[in-house]
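Colleague: below are the sequence and a predicted model; questions follow.
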Amino acid sequence: MQTATLIYNDRVNTYREMKVLDAELDNRPTTKNVKAIAELRIRNLLCFSKLQTFNDTGKWRYKHPLI
């Protein structure tokens, strides 16, 4: 169950980082920030997908970088 906690925490942290970057993109969009928010979004969606699969099946899909 420790793996689920790590993935959940990663999902929360990436969401928080995206909120900060989103505010920066509204004021001063840069290529670096656009790339960072896209990578965070992908990572966040991957976390959600892994947690959803584990919730539905009780098994992990080995796609997340933390595992």
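Modeller: That came through fine.

Colleague: burial measure for K19, as a count.
Modeller: 11 (other C-beta atoms under 10 Å). The C-beta positions use only the backbone N, C-alpha and C, and glycine is treated the same way.

Colleague: show me where the protein has its helices.
Modeller: For the chain, applying DSSP state H gives helices covering 2-27, 31-57.

Colleague: who's in contact with the residue at minimal distance from the centre of the chain?
Modeller: Centroid-nearest residue in the chain: N44, 1.8 Å away (criterion: C-alpha atoms, centre = their mean). By C-beta atoms under 8 Å, 6 or more residues apart in numbering, the contact set of N44 is R11, T14, Y15, M18.

Colleague: in this protein, what spans have low per-residue confidence?
Modeller: For the chain, the stretches flagged by pLDDT under 70 are 1, 63-67.

Colleague: my guess is C47 contacts D10, does it?
Modeller: Yes. Assessed by C-beta atoms under 8 Å, C47 is found in contact with D10 at 5.3 Å.

Colleague: of those two, which one has the most company?
Modeller: Using other C-beta under 10 Å, the more surrounded residue of C47 and D10 is C47, with 23 against 19.

Colleague: give the closest residue to the more buried one in space, chain neighbours not counted.
Modeller: Leaving out its chain neighbours, the residue that sits closest to C47 by C-beta to C-beta, 6 or more residues apart in numbering is R11, at 3.8 Å.

Colleague: distance of the one you found relative to N55?
Modeller: Computed as C-beta to C-beta, to the nearest Å, the R11 to N55 distance reads 13 Å.

Colleague: ok, those two, which is more surrounded?
Modeller: Using other C-beta under 10 Å, the more surrounded residue of R11 and N55 is R11, with 19 against 9.
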